[in-house]
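# model this:
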Amino acid sequence: MRKLIVIEHISLDGVIQGPGGVDEDPTADFQLGGWTSAFSDKEGGQAVVEAHAEPFELLLGRRTYDIWSGYWPHQPSSNPFADSFNATIKHVATHRPDTLGWKNSRALQGSVADAVRALKAEEGPRLLSWGSGHLGGQLLAAGLVDELQLFMYPVVLGRGKRLFTEESQSSAFAVASTVATSSGVLVTRYLRAGPVVTGSLG
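Down below sits the predicted model:
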């Protein structure tokens, strides 16, 4: 069974909406798009490179797919991610499968949970889900996420789309590694570690 890893840029209050640009996702009048831009540093860039060091396929929601498909096919091979993103298989949660024009794109069939569960049962490389907040929420609700890689930024946004909701399935996670970058971002890998343990203090 292959591993499913969800990677997110996330604020202290759990917002994941529009991290990369002003106009990336203005849904519901979100006006703080591009909130990660002030925190670019060498360590954060290295963490992104390491996240893609092993073979992978992508698992994307439709909004993220549309953003990436409009960008990566037009990047030169000198870009460290262009060749791998363009060449790998992209599994996409979409209601418009006939509009997936990016090379090696495949629409998920049926319910997202069932389709991803079937993908995980196949032989193959890791599945990486970048961004795709709504999809990530569905994966957490179905208990399908094996690892979280969170880039946590020292900002509170107050409003916006969140990864974790009341629909998220309860689960314990173990910290596999954490790095504090020079700009103040905490890059942490969490591995699923079974059910939540409860008890009383004292």
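# Spatially nearest residue to the residue positioned nearest the centre of the chain, not counting backbone neighbours?
The C-alpha lying nearest the average C-alpha coordinate of the chain belongs to Trp130 (C-alpha atoms, centre = their mean; 2.7 Å). The shortest distance from Trp130 to any residue other than its chain neighbours is 5.1 Å, reached at Ile7 (C-beta to C-beta, 6 or more residues apart in numbering). (Each C-beta comes from the backbone N, C-alpha and C, glycine too.)
# Would you give the sheet partners of the helix or strand hosting that neighbour, along with the direction of each?
For Ile7, the host element (DSSP states H and E) is strand 4-11. With DSSP bridges as the test, strand 4-11 is paired with strand 126-130 (parallel), strand 147-153 (parallel).
# Can you name the element that comes right after the first one?
Yep, that's strand 126-130 we're talking about. Heading C-terminal from strand 126-130 (DSSP H and E), you reach helix 133-141.
# Okay, buried residues for that next one please.
The neighbour-count check on helix 133-141 (16 or more other C-beta atoms under 10 Å) flags Gly133, His134, Leu135, Gly136, Gly137, Gln138, Leu139, Leu140, Ala141 as buried.
# about what we covered before: what's across from the residue nearest to Trp130 in the sheet?
Per DSSP bridges, the residues bridged to Ile7 are Trp130, Gln149.
# Tell me who's in contact with it.
Ala51, Leu128, Ser129, Trp130, Leu148, Gln149, Leu150, Phe151 (C-beta atoms under 8 Å, 6 or more residues apart in numbering).
# Please tell me how far it sits from Phe151.
As judged by C-beta to C-beta, to the nearest Å, Ile7 and Phe151 stand 8 Å apart.
# all helices for this structure, in order.
42-51, 62-69, 82-87, 112-121, 133-141 (DSSP state H).
# mind giving me JSON lines with those and columns for mean pLDDT and distance to Gly184?
As requested, those are arranged in JSON lines below (pLDDT from 0 to 100; distance: least, C-beta to C-beta, whole Å):
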{"stretch": "helix 42-51", "mean pLDDT": "91", "distance to Gly184": "10"}
{"stretch": "helix 62-69", "mean pLDDT": "92", "distance to Gly184": "25"}
{"stretch": "helix 82-87", "mean pLDDT": "93", "distance to Gly184": "28"}
{"stretch": "helix 112-121", "mean pLDDT": "96", "distance to Gly184": "33"}
{"stretch": "helix 133-141", "mean pLDDT": "91", "distance to Gly184": "23"}
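# out of those, which comes closest to Pro19?
Nearest to Pro19 among these is helix 133-141 (10.0 Å), distances taken as C-beta to C-beta.
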